[in-house]
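Q: Structure of the sequence below:
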Amino acid sequence: MTTTTVNVHEAKTQLSQLLQRMSLGEEVVIAKAEKPIARLVPFAPAPRPRVAGSAQGQIWIAPDFDAPLPEDVLEAFES
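A: Model (predicted):
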């Protein structure tokens with residue numbers, strides 16, 4: 001990834017071009033007095049909140065799901 005550093009004045013006058021370069025994968029850092037103060041990054045929408053119980057009725061768990069494994073299967077894992 002290529003990084004370009006621009007000063008605040010250049011960022012103000014070339015914002016559209018900098019946004020285009022950023023959208024193509026280039027990292028753009030804005031500096032003031034040669035000290036980085038900001039970085040342009042693509043916008044990522046916030047993930048939708050998870051809802052507890054939204055898969056209710058879609059998953060089945062056997063009553064013996066936590067029962068010990070049969071000896072032959074256990075031996076296969078341990079060998």
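Q: Let me know the helix or strand that the most centrally placed residue in the chain is in.
A: For the chain, the residue nearest the mean C-alpha position is A44 (8.7 Å; Cα atoms, centre = their mean). Per DSSP states H and E, A44 falls between elements, in no helix or strand.
Q: From P70, how far out is it?
A: Remark: distance between A44 and P70 (Cβ to Cβ, to the nearest Å) = 47 Å. Heads up, the C-betas are built off the backbone N, CA and C, glycines and all.
Q: Over to R50?
A: 36 Å.
Q: All the helices of the protein, residue numbers only.
A: Ranges of helices in the chain, per DSSP state H, are 8-13, 15-23, 71-78.
Q: Throw those helices into TSV and include distance to K35, thanks.
A: Output for the helices of the chain, formatted as TSV (distance: least, Cβ to Cβ, whole Å):
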stretch	distance to K35
helix 8-13	11
helix 15-23	18
helix 71-78	57
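Q: Just put the ones you listed in JSON lines and tack on mean pLDDT.
A: Output for the helices of the chain, formatted as JSON lines (pLDDT from 0 to 100):
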{"stretch": "helix 8-13", "mean pLDDT": "95"}
{"stretch": "helix 15-23", "mean pLDDT": "92"}
{"stretch": "helix 71-78", "mean pLDDT": "90"}
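Q: Make TSV out of these and add distance to Q58 and mean neighbour count.
A: Listed next are the helices of the chain as TSV, based on distance: least, Cβ to Cβ, whole Å; neighbours: other Cβ atoms under 10 Å:
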stretch	distance to Q58	mean neighbour count
helix 8-13	49	13
helix 15-23	38	13
helix 71-78	28	9
